[in-house]
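Trainee: no sequence for this one, just the structure:
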């Protein structure tokens, strides 16, 4: 383990106080007198009518103001412990550190799994490898790579976009429709061309501060969610195989730019996504899995109540014509043979605490969807849920510096 040096370090203290008026005030006065920056404070009942106080202060243990403060606090004659930094799994503290995880993908990546529609197509695999190389070579601060899409790739996009457009008008949430209109005006969104990441990135940056970053394929939940903490969305640039334009076993540019990108222009949705990302930083594996389920049932397959019906805001729905109709209540007859049952899906009120325990299929339509009253409701419920999680620390992003601030001393495991 290496000691964290971000923000000048942290010193965590646990001290015992008498339970009488002014006890805490005397401690705070000592902190102020020495010019120490208090970053976190909490208390709990202790022994024999006393209470324990946990403090986090900015600075190193050897800094003169901290040494003087410790001497003053010890003069009180009550127990005082200087706590070691908490060990947590590695996570990026600076936006540039996303470079360390961006190239790590699950599964076969550009090599493709044997059941992928393009597995036996050498030309498609070679094309995927070239686009994969663009994403792997990209580093924070570089111009976003452009892909010269072929006519065959554009034809696939055209079929996907054209098949979804009528359903977006009736089944997409208002925020999605509004953003799609703006994207059409500012980025020439439409069926005839595949937008470049750079133009969509600039659009989102103006709207909500979200940015796009090229990714070579499906990423591990921990790495992908970490990007959201920085308001960064990892986006693929390759196109699904032309033989099955209405199906993809992995994220592709159609899923990313048709399903995800318009929603990141909405402030409530952008904040919802970032809440999940911030809660993932330094979390244990079990907590990452639970947060990934929350992501699945909201960012990918979330619904809201609008105009007296159900409307989609999840990208997995907004980029799939069949499941969009299935989820919004058109019925099994309208969807066809792919419907998992004649009775239609089940619906529950959006509840992250329930969603984090809910299993889901990845190769067929969802049998269960969570429905929020609005995007604001979805965001607020997720925020309240994250505040209740047993997190090792609380974090927030400084958007001016691209750095994550944490409220207590930590030590990140080596990446």
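Mentor: Sure, I can see it. From a predicted model like this one, the values you see are computed outputs, not experimental measurements.

Trainee: which other helices and strands contact the helix ranked longest in the chain?
Mentor: Ranked by residue count and defined by DSSP state H, the top helix of the chain is helix 151-171. Here helix 151-171 touches helix 174-187, helix 253-254, helix 315-318, helix 321-327, going by 3 or more CB pairs under 8 Å, 6 or more residues apart in numbering; DSSP states H and E. No exception for glycine: its C-beta is placed from N, CA and C like everyone else's.

Trainee: what does it contact?
Mentor: Residues outside helix 151-171 that contact it (CB atoms under 8 Å, 6 or more residues apart in numbering): 149, 176-177, 180, 190-194, 239-240, 242, 245-246, 253-254, 258, 311-312, 317-319, 321, 324-325, 328.

Trainee: buried ones among these?
Mentor: Among the contacts of helix 151-171, those classed as buried by neighbour count (16 or more other CB atoms under 10 Å) are 149, 176-177, 180, 191, 194, 239-240, 242, 245, 253-254, 258, 311-312, 317-319, 321, 324-325, 328.

Trainee: related to what we said a few turns ago, how about the longest helix of the chain: buried residues?
Mentor: So for helix 151-171, counting by 16+ other CB under 10 Å, buried means 153, 154, 156, 157, 158, 160, 161, 164, 167, 168, 171.

Trainee: what of stretch 305-318?
Mentor: Going by neighbour count (16+ other CB under 10 Å), the buried part of stretch 305-318 is 305, 306, 310, 311, 312, 313, 314, 315, 316, 317, 318.

Trainee: residues in contact with that stretch?
Mentor: Taking contacts as CB under 8 Å, 6+ apart, the residues outside stretch 305-318 that touch it are 164, 168, 171-176, 255-256, 258-260, 262-263, 269, 298-304, 323-324, 327-329, 347, 371-375, 378.

Trainee: these two touch, right, residue 35 and residue 66?
Mentor: No - if you go by CB atoms under 8 Å, residue 35 and residue 66 don't touch, sitting 10.2 Å apart.

Trainee: that older thread, report the two of the buried residues of helix 151-171 separated the most.
Mentor: Based on CB to CB, the longest span within those runs between 153 and 171 and measures 26.0 Å.

Trainee: before we move on, the earlier item: turn the buried residues of stretch 305-318 into JSON lines, including pLDDT and distance to residue 291.
Mentor: As requested, the buried residues of stretch 305-318 are arranged in JSON lines below (pLDDT from 0 to 100; distance: CB to CB, whole Å):
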{"residue": "305", "pLDDT": "97", "distance to residue 291": "24"}
{"residue": "306", "pLDDT": "97", "distance to residue 291": "26"}
{"residue": "310", "pLDDT": "97", "distance to residue 291": "24"}
{"residue": "311", "pLDDT": "98", "distance to residue 291": "24"}
{"residue": "312", "pLDDT": "98", "distance to residue 291": "21"}
{"residue": "313", "pLDDT": "98", "distance to residue 291": "18"}
{"residue": "314", "pLDDT": "98", "distance to residue 291": "16"}
{"residue": "315", "pLDDT": "98", "distance to residue 291": "17"}
{"residue": "316", "pLDDT": "97", "distance to residue 291": "17"}
{"residue": "317", "pLDDT": "98", "distance to residue 291": "20"}
{"residue": "318", "pLDDT": "98", "distance to residue 291": "22"}
